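S.K.: Model the structure of this input:
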Amino acid sequence: MALQITQIRPAYSCTQDELYATSILIVDSFKTNQAFFQTKKTIYTILFGNNLRTEILAAKALPDFQQRGASQETFKIILEQAADDCLIIWQELDSLIKSSFAQELIKTKREEAGSTHYRKASRHDWESVSQLMLSGSTFITNYTAELNTGGMTPTFPTDFDSNKTNFDNTYLLFKGAEQTSSEKRNEKLNANNTFHKKIALLCEDGQKYYRTDPAKRERFTFSRVLELVSGSGTETITVDIAPSATVSFDKVIANSPIVNTGTVSFIVCQGTAACNPATSPVVSPGDQLTNTFGPVLSLTNQSATLPAKATIRIVRA
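M.R.: Numbering: from 1, shown residues only. The predicted structure follows:
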């Protein structure tokens, strides 16, 4: 039997993708207001924010469900074929038993050879397949002479044991992959729970520090930021920015991510005019910036030759 691994439970009540997006937004809000936070508690340094963001991204990079299950699923397919091969060769043994023993002994001999395990084995109960083949192999060893009289070929015992060994070895690999997948799941959930606890404490302090400033306080209210990430009244759109061009948008969600999904940098600013390179923040490929510019903002592509691409979250029309 495979080693039983205690399953970790998530400490958050949202999807993993929502957890990562929400937490990054909160950390980015902290980084914007870091100097004020440090006047309240000395641990809230620039390094604190950088390290927490790195921790979130590291947890996000750990294998997800599909990645963790790929190896296990591969071995499962191979295991099913190995099990089917075992069932076929056991049926051949069953036929030999029927031609090797007197009629009144056949039921007893079939059970001795493992027939009571066959039904579950045929439904891919792996332990039953293993026991079926073990019983069959032992039976062949104990009754070789009798089976020879029923027409057993010289290679049949070797063929039977070869199928048995192939199944058992594949089963071990499958169980190993199953345990590894469970361990990786726990590793990811542990990482998620660890940074989520830090985010929760950061939010708790942020709500206290900004108790008289509702707009700031909402930036550190996990449920409110989560609504921005998953709200049914919003949508994420992909933006293409031609070389040297500026595109403007209205109804952009506050504190939502502006993500560079292209290969060249762009700059962001408030309003509808082209952004000033000297004063506007740059978003490099693969990076993101929190929308603190308001509902109307512009993205300017600084490349004169290549298009830029971004995703932003807006109120659905």
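
S.K.: residues contacting the nearest residue to Thr311 once chain neighbours are set aside?
M.R.: Spatially, and ignoring its direct neighbours in sequence, Thr311 is nearest to Val259 (4.7 Å; C-beta to C-beta, 6 or more residues apart in numbering). All C-beta spots, glycine's among them, are computed from the backbone N, C-alpha and C. With contact taken as C-beta atoms under 8 Å, 6 or more residues apart in numbering, Val259 is in contact with Val283, Asp287, Gln288, Ala310, Thr311, Ile312.

S.K.: how about low-confidence regions in the stretch 51-200 of the chain?
M.R.: 64-72 (pLDDT under 70).

S.K.: Just give me the closest of the contacts of Val259 to Phe139.
M.R.: Nearest to Phe139 among the contacts of Val259, counting by C-beta to C-beta, is Thr311 at 64.5 Å.

S.K.: any idea of the pLDDT on Gln4?
M.R.: Listed pLDDT for Gln4 reads 48.

S.K.: where along the stretch 151-300 of the chain do the strands fall?
M.R.: Under the criterion DSSP state E, counting those that start in this stretch, strands of the stretch 151-300 of the chain are mapped to 234-241, 246-249, 257-260, 266-270, 282-283, 288-290, 297-301.

S.K.: Which one, of those strands, ends up nearest to Gly206?
M.R.: strand 288-290 (14.2 Å).

S.K.: Contacts for that closest one, please.
M.R.: Strand 288-290 is contacted by residues 24-25, 28-29, 32, 255-260, 268, 281, 283 when judged by C-beta under 8 Å, 6+ apart.

S.K.: Run the chain-centre distance for that strand.
M.R.: In terms of C-alpha atoms, centre = their mean, to the nearest Å, the centre of strand 288-290 is set 24 Å apart from its chain centre.

S.K.: do the same with stretch 22-33
M.R.: Distance, centroid of stretch 22-33 to centroid of chain: 24 Å (C-alpha atoms, centre = their mean).

S.K.: Do me a favour and average the pLDDT over it.
M.R.: 92.

S.K.: before we move on, back to that, got TSV for the contacts of strand 288-290, with distance to Met133 too?
M.R.: Listed next are the contacts of strand 288-290 as TSV, based on distance: C-beta to C-beta, whole Å:
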residue	distance to Met133
Ile24	52
Leu25	56
Asp28	58
Ser29	61
Thr32	65
Asn255	60
Ser256	58
Pro257	55
Ile258	60
Val259	54
Asn260	57
Val268	65
Pro281	66
Val283	60
